[in-house]
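S.K.: This is a predicted model, with the sequence first.
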Amino acid sequence: MRGSIEQSYFELLKTWLDALIGYQLPKGMHPALDGAILCPACSVVHGRCHDAVYPLLYMADAAGDKKYQDAALRLFDWAEYMLCEDGSIYNDSQSEWSGVTVFAAISLYKSLSLHSGLLSAEYRARFEQRFARMSEWLLRNIRTDKRFNINYIAANAAAMAMAGEYFGRGDMRAHARTCARFVCEHISESGLIYGEGRLERDATPKHLCAVDMGYNVEETLPSLYEYAHLAGDDTVMQAVKRSARAHLEFILPDGALDNSFGTRNFKWTYWGSRTSDGCQALFNALGREDAAFSEAAYRNLLLYKRCTHGLLYGGPDYRAHGELACTHHAFCHAKALAQALDEGVCEFERTFIPSDARQGIRFYQEIDTYVQDCGKLGMTLTGSDYTYMRDGHASGGCITLLYSRKAARPIIACATTGYYLREAHNQQLSRRKGELAPMCPRLQIKRGETLYSQMYDQTARIHAHMEEDAIITDVRGTLADVDGAHMEGGEYTLIYRLMGDTLTLSAECRGAELIIPLISEQPENDKLTDDRTLLTETAHLKAAPGSRISRVRPVFNLAPGFRAVEAVISADSGDVGFELTAL
């Protein structure tokens, strides 16, 4: 008999798997297509869809329904067409990236170790043979002396520990330990894991490093825990617990993950990251000692549920904006739910997580990022100068997240300064191109064809301090173009004041407009009440005296997946600013 929380996990996983089976290609088309899962959003077969073999076998065992077993075996057979002679597997038929072999190997191990009773002798031998070939490739190729993002090294620690245990291979166990200890060396003084990009601690002119919360929470930490648990490595386990506690701070009260400043936040989905696995298995395991982790996992699951209509959509407003759901989210995140269910979902009394009532200033020096909480508002600002991609995450002391505890929802949520297919097979496009725009509040000036903006300025200096019941933040910098070249005469000063349920901003920058996108489910219905006042479903925005709201329009961005109304505040002369009150 399942408890209510476990039942929620089970029902959501079943919903996703039933939807995925509905997109599984039928027999008779061609052996290279039969059993693959076709994505309605991207009109392609995502090569990693075979990762769903494990959750499908879990469901076949748990539900006693042969359709899941049949779907799993057909998917396993199809994956042979993605497999290379060296034991690696391609990310997609049009992508030569083979690092994802590590995730395929983990899926096979879990299938063999937990659900082999569903496999005939022939299929079990084939699963083992493929797992062995992949493991040999991983031993040779995913190593600490090669340039991989840190999530791959962590995942290989888990995969090598699994292969070493399954095949009795000491060399694989040793390599697992090497990978795991390497990842532990990349935990910052604040407990954040860095290396989603360059692996150096001092990787930028500001001596900052590459941190991405989506990959850390949904892939790197879960993998490192898997290794530590299987290998009995208490040193690594203690490092995982310390780091997980630091990352728990970035789970928002509604279960979302604040990845607004992440190096790879072009894949931010508000609930996590597009192609990683999820936090549920890790947080449930840690929840046996601290229920705050179980609470965070469950709230995140409820957010998944809000974004699920058959498949898991890539953000809260995707469906409302007319976007389709990419299968990648469901077949990846199904693995974490299946693992949590296999290991036993914690039933617990509902409790608090750190962000519920947190107050004050948290400064993460290694990423030049402030997390501020005052009254009913929480705000993230960043000056990070790590460049993972052109037109990547915002900088310049921009607000990347403004969250209202009063309404239990975000008012502002910004990922990248532009949107394009940095990983073509791991992102999707919108067909409503006219509304696509950055979701970053920013100062900007356009000269000719060149846009100079605060969000491009990676040299800004930020300082925050408490003043009675308010948090005051001072930002000074120079507007820059998308490549970081500064504008002559583009110096700016911003003063943010966060207090109660109100945020005010005073900005000095000659000739600049202030762009403020406010999240709204129906932005086309948000109207100006006068030339200084905009009322939305999330906030009341009033332009500072001497400035006005010159225009508004509905906008959307696929990362993290919100609709918004974009207000442009301008002044004929003098400075611009606003007062924003959460509703």
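M.R.: On my side now, so go ahead.
S.K.: Give me the domain ranges for this protein.
M.R.: The chain is divided into the following domains under automatic domain parsing: 4-355, 358-582.
S.K.: Would you mind giving the ones you listed as a markdown table with mean neighbour count added?
M.R.: Glycine gets a C-beta too; all of them are placed from N, C-alpha and C. Putting the domains of the chain into a markdown table (neighbours: other Cβ atoms under 10 Å) gives the following:
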| stretch | mean neighbour count |
| --- | --- |
| domain 4-355 | 21 |
| domain 358-582 | 20 |
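S.K.: I'd like those as a markdown table, with mean pLDDT appended.
M.R.: Supplementary listing: these in a markdown table, determined by pLDDT from 0 to 100:
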| stretch | mean pLDDT |
| --- | --- |
| domain 4-355 | 97 |
| domain 358-582 | 96 |
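S.K.: Now do the strands in the stretch 451-583 of the chain.
M.R.: For the stretch 451-583 of the chain, the strands defined by DSSP state E, counting those that start in this stretch occupy 461-467, 470-480, 486-499, 502-508, 513-519, 527-530, 533-535, 539-543, 548-557, 562-570, 576-582.
S.K.: Run through the residues that contact Ile472.
M.R.: For Ile472, the contact set (Cβ atoms under 8 Å, 6 or more residues apart in numbering) comprises Ala464, His465, Met466, Ile495, Tyr496, Arg497.
S.K.: Tyr9 contacts Ala281, correct?
M.R.: No - Tyr9 lies out of contact with Ala281 (Cβ atoms under 8 Å); the separation is 10.4 Å.
S.K.: could you list every residue that touches the closest residue to Asn216 other than its chain neighbours?
M.R.: Spatial nearest neighbour of Asn216, chain neighbours left out: Ile193 (4.8 Å); criterion: Cβ to Cβ, 6 or more residues apart in numbering. Going by Cβ under 8 Å, 6+ apart, Ile193 touches Ile150, Ala154, Val183, His186, Ile187, Val211, Asn216, Thr220, Leu221, Ser243.
S.K.: what's near enough to touch Asp18?
M.R.: Gly310.
S.K.: ok, which stretches of this structure are helices?
M.R.: Secondary structure of the chain (DSSP state H): helices at 4-22, 53-63, 66-78, 101-115, 121-141, 150-167, 170-184, 213-215, 221-231, 234-248, 280-286, 291-306, 327-343.
S.K.: Tell me which of those sits nearest to Trp268.
M.R.: Proximity to Trp268 (Cβ to Cβ) singles out helix 213-215 among the helices of the chain, at 5.9 Å.
S.K.: what helices or strands is the closest one leaning on?
M.R.: Judged by 3 or more Cβ pairs under 8 Å, 6 or more residues apart in numbering; DSSP states H and E, helix 213-215 has no packing partners among the helices and strands.
S.K.: For the stretch 251-400 of the chain, just list every one of the strands.
M.R.: Counting by DSSP E, counting those that start in this stretch, the stretch 251-400 of the chain has strands at residues 308-309, 311-312, 360-364, 369-374, 377-382, 398-404.
S.K.: May I see those organised as JSON lines, with distance to Asp258 added?
M.R.: Formatted as JSON lines, those follow (distance: least, Cβ to Cβ, whole Å):
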{"stretch": "strand 308-309", "distance to Asp258": "21"}
{"stretch": "strand 311-312", "distance to Asp258": "19"}
{"stretch": "strand 360-364", "distance to Asp258": "11"}
{"stretch": "strand 369-374", "distance to Asp258": "8"}
{"stretch": "strand 377-382", "distance to Asp258": "6"}
{"stretch": "strand 398-404", "distance to Asp258": "5"}
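S.K.: can you tell which of these is closest to Glu343?
M.R.: It's strand 311-312; of the strands of the stretch 251-400 of the chain, that one is closest to Glu343 (Cβ to Cβ) at 21.2 Å.
S.K.: circling back: got the contacts of Ile472 as TSV, with distance to His50 columns?
M.R.: Output for those, formatted as TSV (distance: Cβ to Cβ, whole Å):
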residue	distance to His50
Ala464	47
His465	52
Met466	52
Ile495	53
Tyr496	48
Arg497	52
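S.K.: hmm, which two among those are most spread apart?
M.R.: Met466 and Ile495 (14.6 Å).
S.K.: got the contact list for Ala105?
M.R.: Phe131, Met134, Ser135, Leu138, Ala159, Met162, Ala163.
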